[in-house]
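J.: Pasting the sequence and the predicted coordinates here, then a few questions.
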Amino acid sequence: MPRVSPSSPDASRRMARVRQKGTRAEIDLRRALHAKGLRYRLQVPLLTKPRRVVDVVFPTARVAVFVDGCFWHGCPEHGSWPKSNADFWRDKIETNRMRDADTDRRLEAQGWRVVRVWTHEDAREAAERIAQIVNEQKKVGAVRDDHSR
């Protein structure tokens, strides 16, 4: 991807402050999951080549949760397309989407259930959905373990 100059010094400072982990949405989701009694691991690199780090992982249930930013991952509801350096940003966001799809395929091929949560989603509703998936996966895992004996 070619290097692009920022549209302004303010834009450069704004983008430099964007967090990649420990965002407000991630913290809210983790609190909601913890309040439901769920325990998990954070920032786990489940794939190494290419390296992909999962935001929240439930290792026993084999559930991987990503919290996707609306801008960076092209949310259909809240994503926006910048007017400055438009070609660069369209390419960047579409590349992120392709990487997300590739990550999902790779993890699912290894038996992981992938859950993606948008940053605009209500953390408690997302936690409820994730809790149901974790419980389903634990049941599937329990059945799988029974058949393997």
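T.: Right, received. Where do you want to start? Residues are numbered from 1 along each chain as shown.

J.: centroid residue for the protein?
T.: Nearest to the mean C-alpha position of the chain, by CA atoms, centre = their mean, lies Phe66 at 1.8 Å.

J.: For that residue, give the beta-bridge partners.
T.: For Phe66, the beta-bridge partners under DSSP bridges are Arg116.

J.: is it true that it touches Asn96?
T.: No. Contact criterion CB atoms under 8 Å: Phe66 and Asn96 do not qualify, at 11.3 Å. C-beta: built from backbone N, CA, C; applies to glycine.

J.: Could you report the separation of the residue nearest to the centre of the chain from Ser80?
T.: Taking CB to CB, to the nearest Å as the measure, Phe66 falls 20 Å from Ser80.

J.: that older thread, contacting residues around the residue nearest to the centre of the chain?
T.: Val54, Asp55, Asp100, Thr103, Val114, Val115, Arg116, Val117 (CB atoms under 8 Å, 6 or more residues apart in numbering).

J.: of all those, which comes closest to Arg19?
T.: Using CB to CB, Asp55 comes nearest to Arg19 of these, at 11.9 Å.

J.: which secondary structure element contains the closest one?
T.: strand 51-58 (DSSP states H and E).

J.: Okay, helices next: where are they in this protein?
T.: According to DSSP state H, the chain carries its helices in the segments 9-16, 24-35, 86-109, 123-148.

J.: Measure how far the longest one is from the centre of its chain, please.
T.: In other words, helix 123-148. Between the centre of helix 123-148 and the centre of its chain there are 18 Å (CA atoms, centre = their mean, to the nearest Å).
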